[in-house]
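>>> Below: sequence and its predicted model.
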Amino acid sequence: MAVAASLGPRVSVDGKFFRLGEKKFYVKGLAYGPFAPNAAGQPFASPEQTAADFAQMREMRANLIRVYHVPGRWFLDLAAEHRLKVLIDIPWNWHVCFLDSPEHRAEACQAVKRAVYGCVRHPAVFAFNVANEISPDIIRWSGARPVANFIDDLVAEAKRVDPDCLCTYASFPPTEFLRPLSVDFVCFNLYLHQRQSFRNYLARLQMLSESKPLLLGEFGIDSIREGEARKSEMLEWQLEETFRGGLAANRRLEDGADHRRAEAQRIICGRGEDVSRRALLSVAALSAGLGHCRLLQRRPHAQGLPGFFAATQLSGLRDYPGR
């Protein structure tokens, strides 16, 4: 059942761009969490810590965060209070052969409906991600078109609750052939450590996205294996290539000494003008398609922690994990 609209404009898609009201919305974002459960059993920091983190994010001029669980209204209210939009991942059991089980399909549909209804038309919501990196083995077993159709079904479930909400699916190179039709923008996670391979694949993703906005949902390196110096060097050219390719991307940074402070866990970045060559950042501006972007200076107390996504040195897409 659709719910009456909330006050204020919402982010919408306008060609290869996003728009908020009369203006284009140039995303400057980072990912937040997941955390150990708080006192209420939620996978978020406490409301007090969250408010402090949001204030720090706004100090860095971020305007969007990505979360990996469905937040409560208190979280969205705090985000709106700090003028932050939220990209919400909806978790469900996509790690099994869900098309083989009517129960699993029903559970996925219910998860999407509950998530959207719980956040319905909240002014802080940017978009919903209905699934993330479905295994290539599952897709080969079930078939690319049936899986893509089911993702489209999940998007339809979301839009039955909130017709104007934005929805996406976060894919990755081993399943680039999975192309749901009803997503509002294309989202990819990409971990390639060779510059030419990275550049070439960004160009390919732009072609695959056609007329829709393209966001590179994750990119980065393992700072435990690579070290701080190598991480900074690699991040510099990754950022530059995403700018030149007209894409969006993100990477994980520190959550802080107490494992709850999230100055920035991942960077989301994009292409634009006046591009800085600095690699040590807390936040980078991001745009969908070809837009304006300005990199933000790393704050003195932002120390990079090892990323959670370990990746090996790659020579090309054929070596991509899971390929």
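On my side now, so go ahead. Worth saying up front: this structure is predicted, and the values here are computed from it rather than measured.
>>> Give me the phi and psi for the closest residue to residue 64 other than its chain neighbours.
Nearest-residue entry for residue 64: residue 29, 3.2 Å, with adjacent residues in sequence omitted and distances by Cβ to Cβ, 6 or more residues apart in numbering. To be clear about C-beta, it is placed using only N, CA and C from the backbone, and glycine gets the same treatment. With angles defined as degrees, to the nearest 10, residue 29 sits at phi -140, psi 170.
>>> ok, residue 29 touching residue 86?
No - with contact defined as Cβ atoms under 8 Å, residue 29 does not reach residue 86; the gap is 9.4 Å.
>>> Residue ranges in the stretch 1-150 of the chain under the pLDDT threshold?
1-7 (pLDDT under 70).
>>> hey, where'd the helices end up in it?
In the stretch 1-150 of the chain, the helices defined using DSSP state H, counting those that start in this stretch lie at 47-59, 73-81, 102-118, 136-142, 144-161.
>>> Tell me what angle the third one forms with helix 73-81.
Spelled out, it's helix 102-118. 50 degrees (axes from the mean of the first three to the mean of the last three Cα atoms, to 10 degrees).
>>> Which residue is the nearest non-sequential neighbour of residue 237?
Spatial nearest neighbour of residue 237, excluding adjacent residues (Cβ to Cβ, 6+ apart): residue 195 at 5.2 Å.
>>> Let me have the helices of the stretch 1-150 of the chain in CSV, adding distance to residue 125 and mean neighbour count as columns.
Formatted as CSV, the helices of the stretch 1-150 of the chain follow (distance: least, Cβ to Cβ, whole Å; neighbours: other Cβ atoms under 10 Å):
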stretch, distance to residue 125, mean neighbour count
helix 47-59, 15, 17
helix 73-81, 7, 18
helix 102-118, 9, 16
helix 136-142, 28, 15
helix 144-161, 11, 18
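>>> quick revisit: more neighbours: which of residue 29 and residue 86?
Applying other Cβ atoms under 10 Å to residue 29 and residue 86 shows that residue 29 carries more neighbours, namely 29 against 22.
>>> So what sits opposite the more buried one in the bridge?
Counting by DSSP bridges, residue 29 is bridged to residue 268, residue 284.
>>> Could you shift the numbering so residue one becomes 10, and keep it that way?
Sounds good: first residue 10 from here, last item residue 38.
>>> mind checking how far it is from residue 120?
24 Å (Cβ to Cβ, to the nearest Å).
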